[in-house]
Structure formats: structure tokens, C-alpha cells
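# Following is a predicted model, sequence given first.
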Amino acid sequence: MSRLSAFTVSLLLVLPTLAAAQSPITGAPDAGLVAAIFETKDAAARTVGLAPLSAAQIRRGEREVRIWYSGFGNPQLLVLINQSGNKLTGRLLLWWDQYYLNSPDSADTRVDNFVRANYDCGPISKRNSEYGEDRWISSVCEAKLRGTPDWKAFLAEVESHALPGAPIAKSADVELDEPENLGITVERKSGSSYGVSHYHTALMIGTPEPGRGPKIQDLVNALAATAKRESSLAQTR
């Protein structure tokens, strides 16, 4: 189970998304690790009416890619890319979790206020979620992006990092005490063919945006920056 400590939750309220060098986690599938990685991700997808991609119906000749960027900071990021023939469309969703002990009404709402103040996004969708002993409110809003994102560049970077069907497993260089669901997770589905890759992130407090990870990390950070409110951008300059 990947429940975050009270100290970690307090960090999530105030820190930006931070990450440094990554190494891919590959090898034989590990069902427990896969479940931990998608514990809150699948809940976020369901919050906005999406099925987990592994179970989604994708028509033959079409493709969907989901790029999840999760770190010590809120909001977490989900890039959705759909391809039909030569047509590419994409969206950026901002999502975060608000854990509670006894009642959904007791869930902290400070992250809601932080997201509204710092990002231009649509209405916030909420859903009560559970996994094992964990209970939380899954919150999601769609970012309003400025400009025209280069979705082709996202797809090219995804394809350069992992082959379709690449499995997930624990690697010897993974810190076992670091939550498994942090990092960059890439899902790809074309027809009935589904693949997922997870890139472990070394978290470094104070690393300047957009970070020093692989190019896909920089692409996601740059995309999120186009949804930040002008007042928020001015504070970081």
C-alpha cells in the first residue's frame, strides 16, 4: 500500500512538482507494483468519466496515450493524447488527492484553492475513492492551454523511450521506501494492444523547473506552464 505520511501530505500542499534524473523500471511484471502505481491514477480517470486505459475500448486504427507525471507537489499532471489516422488531439488534466480519516467532509480543500489561484482550468470534478484502507477525494480539472501544443513531439518522445507492451517491475536501483506511484507513467493503447512503462524519479527539493529528467518530463512541465495564470508566472520570474 502506498499511503503517504502526514509529513508527505503537508509537502503536497505547498511544493511544486519536482523531479530529477530518471531510470526506466523494466523486467518481469510485478502485479503489486502495477496496482500501487495505478491506485490513485485509475481513480482520477474515473472521476472525469474515463475508464482505466487497460480496460478502455479503443477502436482499431486509433490510439490513446496517457502520460502521468506524479511527484511531491500538487497538482499532479495527466496528458491525454488521441490519434485517429493523421489527426492528433490532446488535453491536460490537473489532478490531486485529498485523504481523510472518517468523513469525506473532513478532506482538506487547500489544494483546491491553490489550483484555482495558480492555474486556468475548468470546473473541478470530485469523486469519493477507496483502495484498501485508504480513503480520499479524487479531484480533477481540465487545464485551459495557451497556444497550440506539439502533440506529435509528445508521441515521438513516448515511442523513443519504450516499446508497446513493455512491462513494469521493481529494479535494483529503486528506493524501496519511496512511494511506487511517484514518477512518470506512460500508457499506450492501440486497438486491443496495451503497454505501460514507468520511469522512477529522484525527487530533489529546490530543483528549478522544468527539471533535469528526460525530454518527456520537460515537455509535460512546459505544457503545464501554458496553463498557469499570469500572476503565478510573474512570481516565479
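Thanks, I have the structure now.
# correct me, but Trp151 touches Ile81?
Yes - under the criterion of Cβ atoms under 8 Å, Trp151 makes contact with Ile81 at 5.4 Å. From N, CA and C alone the C-beta is placed, and that goes for glycine too.
# tell me the secondary structure for Glu64?
With DSSP: H, G, I helix; E, B strand; the rest coil as the basis, Glu64 sits in strand.
# Are there residues contacting both of Trp151 and Ile81? Which ones?
Counting by Cβ atoms under 8 Å, 6 or more residues apart in numbering, the contacts common to Trp151 and Ile81 are 88-90.
# So which of the residues you listed sit within helices?
Among these, the subset assigned to helices under DSSP state H is empty.
# of the residues you listed, closest to Ser129?
Proximity of the shared contacts of Trp151 and Ile81 to Ser129 (Cβ to Cβ) peaks at Gly90, which lies at 25.2 Å.
# contacting residues for the spatially most central residue of the chain?
Taking Cα atoms, centre = their mean, the centroid of the chain lies closest to Trp68, which sits 2.7 Å from it. Going by Cβ under 8 Å, 6+ apart, Trp68 touches 41, 76-78, 184-187.
# What are the phi and psi values at it?
As for Trp68, its main-chain torsions (degrees, to the nearest 10) stand at phi -100, psi 130.
# Could you give the bridge partners of the closest residue in space to it that isn't next to it in sequence?
Among residues not flanking Trp68 along the chain, Thr185 sits closest, at 4.3 Å (Cβ to Cβ, 6 or more residues apart in numbering). For Thr185, the beta-bridge partners are Trp68, His198 (DSSP bridges).
# Hmm, Val196 and Thr185 touching each other?
Yes - using Cβ under 8 Å, Thr185 is in contact with Val196, at 6.7 Å.
# Please pick out the residue of the protein most distant from its centre.
Distance-from-mean max, the chain, by Cα atoms, centre = their mean: Asn102 at 26.6 Å.
# doesn't it fall inside a helix?
No - applying three-state DSSP, one finds Asn102 to be coil, outside a helix.
# How much space separates it from Ser138?
With distances taken as Cβ to Cβ, to the nearest Å, Asn102 is found 18 Å from Ser138.
# Just the CA atoms of the longest helix anywhere in the chain, as PDB, please.
Scanning the chain for the helix with the most residues, using DSSP H, yields helix 31-47. This file holds the C-alpha atoms of helix 31-47, laid out as PDB (Å, rounded to 0.1, in the frame of the first residue of the first chain):
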ATOM      1  CA  ALA A  31       1.300  -7.100 -10.100                       C
ATOM      2  CA  GLY A  32       1.700  -5.400  -6.700                       C
ATOM      3  CA  LEU A  33       3.800  -2.600  -8.100                       C
ATOM      4  CA  VAL A  34       1.400  -2.100 -11.000                       C
ATOM      5  CA  ALA A  35      -1.600  -1.900  -8.600                       C
ATOM      6  CA  ALA A  36       0.300   0.700  -6.400                       C
ATOM      7  CA  ILE A  37       1.200   2.800  -9.400                       C
ATOM      8  CA  PHE A  38      -2.400   3.000 -10.600                       C
ATOM      9  CA  GLU A  39      -4.100   3.200  -7.200                       C
ATOM     10  CA  THR A  40      -4.900   6.900  -7.500                       C
ATOM     11  CA  LYS A  41      -4.400   7.300 -11.300                       C
ATOM     12  CA  ASP A  42      -7.300   5.000 -12.100                       C
ATOM     13  CA  ALA A  43      -9.400   6.900  -9.500                       C
ATOM     14  CA  ALA A  44      -8.600  10.200 -11.200                       C
ATOM     15  CA  ALA A  45      -9.500   8.800 -14.600                       C
ATOM     16  CA  ARG A  46     -12.900   7.600 -13.300                       C
ATOM     17  CA  THR A  47     -13.500  11.000 -11.700                       C
END
